[in-house]
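In: Dropping the sequence and predicted coords here.
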Amino acid sequence: MCSRDLSTALSIGDHAMQMGAAGVIASVQRGSGSSGSNGSAEAAAAAAEAEERRRRVSPFCARPNLGHRVIAALGRAGRVWRFVQQNHDGLPQKAGMPQHLLNEIHGAWFDPSNPVVAMSGGLRGDLFADLLECERRADLVVAVGSSLCGMNADRLVVTSALRSRQDREWLRSIASVDGDDGGDGGDGGGDGSIPRGMAAFGSVIISIQKTVHDHNSSL
């Protein structure tokens, strides 16, 4: 599943965060320079805002970055079972991600049949059903750029992590039982190791910020 940080790296604005001259970093920098004249601070702020307007990318014209292209390549190679897209920007498709792997759960700018869902709106029924199927079947969930702050798609990370913990405890209980066949430890010969070929992966979180689910993630 992918969310805003993967796209805001391309200077695409986000409804939940302020960027550029209006952002937190810029405001702190303006505050640190306020010891000088007010006129200088205001001029610096105006210059920063003008530069931000100049470099801002229209979201409809944005191009995928390396992260999009790598994930798309994994999809084409059959290494991605489903790409749950929380952004609306169509950048995975531009990078070459096969459409049949995508679940644009929050809507898409380039798909008239899947309008963007408002914060107070409801998810499309078939996409939500697919999300639940992903939750039931995923053995590894990689969350890229998501703050995991309470959206419905967060269930993928939560359930995968919990299933991993339960499966690992179960596998270790099996491996801890002394076998009669004299197998070695790598095949569950009684030393508590997980048998070869049986792995519980859980969830991986890739983000520039801490999330409430970091403590349960595998990585």
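Out: Perfect, I can see it now. All figures in this text were calculated on a predicted structure; none of them were measured in a lab.

In: Listing request: residues of this structure with sub-threshold pLDDT.
Out: 2-39, 167-168, 170-200 (pLDDT under 70).

In: could you pull out the strands for it?
Out: 83-84, 102-103, 140-144, 202-206 (DSSP state E).

In: Let me have those strands in TSV, adding mean neighbour count and distance to Val70 as columns.
Out: Where you see a C-beta, it was placed from the backbone N, CA and C, and this is true even at glycine. TSV is the format used below for those (neighbours: other Cβ atoms under 10 Å; distance: least, Cβ to Cβ, whole Å):
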stretch	mean neighbour count	distance to Val70
strand 83-84	23	12
strand 102-103	20	16
strand 140-144	21	10
strand 202-206	20	11
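
In: Now render these as a markdown table, adding distance to Gly125.
Out: Shown next, in a markdown table, are the strands of the chain (distance: least, Cβ to Cβ, whole Å):
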| stretch | distance to Gly125 |
| --- | --- |
| strand 83-84 | 16 |
| strand 102-103 | 13 |
| strand 140-144 | 22 |
| strand 202-206 | 26 |
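
In: mind checking which of those strands is nearest Ala129?
Out: Ala129 sits nearest to strand 102-103 of all those, at 10.0 Å, using Cβ to Cβ.

In: contacts for the closest one?
Out: 82-85, 92-93, 127, 130-131, 134 (Cβ atoms under 8 Å, 6 or more residues apart in numbering).

In: out of those, who's nearest Met1?
Out: Val84 (3.9 Å).

In: number of nearby residues for the nearest residue to that closest one once chain neighbours are set aside?
Out: Nearest non-adjacent residue to Val84, counting by Cβ to Cβ, 6 or more residues apart in numbering: Met1, 3.9 Å away. Other residues lying near Met1 total 25 when counted by other Cβ atoms under 10 Å.

In: Any idea which of the strands of the chain gets closest to Ala161?
Out: Among the strands of the chain, strand 202-206 sits nearest to Ala161 (Cβ to Cβ), with 4.5 Å.

In: Can you list the neighbours in contact with the closest one?
Out: Contacts of strand 202-206 (Cβ under 8 Å, 6+ apart): 140-146, 148, 156-158, 160-161, 163-165, 211, 213-214, 216-219.

In: Can you say which of those residues are buried?
Out: Buried by 16 or more other Cβ atoms under 10 Å: 141-146, 148, 156-158, 160-161, 163-164, 211, 213, 216-218, out of those.

In: ok, back up a step: can you turn the buried part of the contacts of strand 102-103 into a PyMOL selection?
Out: Selection of the buried residues among the contacts of strand 102-103 in PyMOL, burial being defined by 16+ other Cβ under 10 Å:
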select buried, resi 82+83+84+85+92+93+127+131+134
